[in-house]
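1. Below: sequence and its predicted model.
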Amino acid sequence: MPGSLGHINSWLLDDEDGFVPVDTGMKIKDCSDEWKAIFAGELAGEQATRVICTHLHPDHIGLAGWLCKRFDIELWMTRGEWLTARMISADPRTEVPEAFVTLQRSCGWDQDALDDMTASGWGGFRKVVFEMPMNYRRLKDGDQLSLGKHQWRIVVGSGHSPEHACLVNDADGVMISGDQVLPRISSNVSVVLTEPEADPLGEWFDSIEKLLLLPNDLLICPAHGEPFYGLHARLISLREEHHRRLDAIEAALTDKPMRVVDSFHLLFNRVIEGRNRELATGEALAHFHRLEHMGRVTRTVEDGVFWYRRA
């Protein structure tokens with residue numbers, strides 16, 4: 001996949017009459033060529049029985065529709081992820097919505113940054129996601145999937161996406177974690193246009209507490225990076241990292257108020273520019289929303305811009 005991540009891990013699970021792909025890669029030539037090579041090689045003559053996607057982001061569902069069509073099979077996702085993916089992919093507009101411009105302006109973007117964003121247009125999701133099926137099979141928290149000789153339990157988390165499905169094989173001690181737990185980086189936890197007053201970081205913290213109830217000795221198979229052991233240590237590290245960021249923002253508000261964009265240097269260890277500006281803004285806003293919910297900051301609006309002060 002393009003960008004700093006470089007790749008996504010797609011997992012294949014054994015099923016009684018074939019195999020089950022979990023997450024698919026984007027609708028780009030490199031990904032589809034890789035799948036075609038596998039189907040002509042190691043999996044020649046084998047049948048996929050269903051496609052499972054952990055969540056809605058394009059690197060996870062980009063080729064789901066293509067695989068469903070190729071093998072005449074069903075897509076399995078949680079309701080929140082499928083509905084959101086269908087909603088985004090059905091949006092026909094090519095111009096940036098005024099509501100998004102307003103949101104970015106409220107976070108402190110200057111006119112040059114807004115002009116750059118509007119010039120790039122809208123609808124990038126559709127470009128890297130094959131047409132989604134009109135129907136799907138719903139995954140719910142606690143569901144047990146019988147795949148071949150194995151049982152996989154669905155554990156739902158949130159924060160990175162609305163209703164992210166992890167798959168846990170309790171008998172063999174394996175967890176497919178998608179983006180809910182990654183070995184080296186923290187998943188993006190952002191406020192997005194469709195829910196501009198949400199508290200995704202609060203949901204992320206709740207999900208960490210939920211996942212800490214799972215066994216610590218699971219082999220974690222993430223969407224990015226190598227499989228690893230040490231689930232609890234990783235979850236605690238992710239939790240502490242975000243709490244340090246919250247503390248840094250609150251401390252910086254001692255002397256003067258701050259816009260969302262003024263916090264970038266406190267949250268990220270790199271220069272924020274280009275496409276990364278949108279991701280950074282969404283994640284920074286999520287931290288301010290969490291501080292608001294905790295009663296640690298207050299917000300005022302001046303000329304359409306959010307200003308935050310220490311409570």
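-> Received, thanks.

2. could you pull out the helices for this structure?
-> 29-40, 58-61, 64-71, 79-89, 98-106, 111-120, 124-127, 200-211, 231-252, 264-267, 276-293 (DSSP state H).

3. Tell me which of those helices sits nearest to Gly173.
-> Distance to Gly173, taken as C-beta to C-beta, is lowest for helix 231-252 among those, at 10.5 Å. Where C-beta positions appear, they are placed from N, C-alpha and C, glycine not excepted.

4. Can you list the buried residues in the closest one?
-> Going by neighbour count (16 or more other C-beta atoms under 10 Å), the buried part of helix 231-252 is 231-232, 234-235, 238, 242, 245-246, 249-250, 252.

5. now swap in stretch 296-306 and tell me
-> Using 16+ other C-beta under 10 Å as the test for burial, stretch 296-306 gives 296-297, 306.

6. thinking again about what came up before, and of the buried residues of helix 231-252, the nearest to Pro92?
-> Distances from Pro92 to the buried residues of helix 231-252, taken by C-beta to C-beta, are shortest for His242, at 36.1 Å.

7. any idea how far that closest one is from Glu250?
-> 13 Å (C-beta to C-beta, to the nearest Å).

8. likewise Arg296?
-> 5 Å.

9. repeat for Tyr229
-> Distance check for Tyr229 against Glu250: by C-beta to C-beta, it reads 34 Å.

10. now His224
-> Taking C-beta to C-beta, one finds His224 at 30 Å from Glu250.

11. Check Arg126 too.
-> 39 Å.

12. Ok, Phe71 next?
-> 52 Å.

13. Gly121 too?
-> 37 Å.

14. Now the longest strand seen in the chain: buried residues?
-> Using DSSP state E, we find that the single longest strand of the chain is strand 150-157. Buried residues in strand 150-157, counted by 16+ other C-beta under 10 Å: 152-157.

15. try stretch 14-31
-> 15, 18-28, 31.

16. again with stretch 174-181
-> Result for stretch 174-181 [16+ other C-beta under 10 Å]: buried residues 174-181.

17. do stretch 215-228 as well
-> Here stretch 215-228 shows 218, 220-224, 228 as buried, counting by 16+ other C-beta under 10 Å.

18. Between the two ends of that stretch, how far is it?
-> 14 Å (C-alpha to C-alpha, to the nearest Å).

19. Give me the distance between that stretch and the centre of its chain.
-> Chain-centre distance of stretch 215-228: 17 Å, with C-alpha atoms, centre = their mean, to the nearest Å.

20. Show me what that stretch is in contact with.
-> Outside stretch 215-228, the residues within contact range by C-beta atoms under 8 Å, 6 or more residues apart in numbering are 5, 7-9, 11, 23, 54, 59-60, 168, 170, 173-179, 181-185, 229-232, 234.

21. Among these, which lie within strands?
-> Short answer: the contacts of stretch 215-228 in strands (DSSP E) are 11, 168, 174-178.

22. could the residues you listed be laid out in JSON lines, adding pLDDT?
-> Converted to JSON lines, those look like this (pLDDT from 0 to 100):
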{"residue": "Trp11", "pLDDT": "97"}
{"residue": "Val168", "pLDDT": "98"}
{"residue": "Val174", "pLDDT": "98"}
{"residue": "Met175", "pLDDT": "98"}
{"residue": "Ile176", "pLDDT": "98"}
{"residue": "Ser177", "pLDDT": "98"}
{"residue": "Gly178", "pLDDT": "98"}
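
23. which one of those is nearest Gly80?
-> Out of these, the member with the shortest distance to Gly80 (by C-beta to C-beta) is Gly178, at 13.8 Å.

24. Now the closest one: closest residue in space, sequence neighbours ignored.
-> Once flanking residues are discounted, Gly178 sits nearest to Thr54: 3.2 Å by C-beta to C-beta, 6 or more residues apart in numbering.

25. now that neighbour: how far from Met26?
-> From Thr54 to Met26 the distance is 15 Å (C-beta to C-beta).
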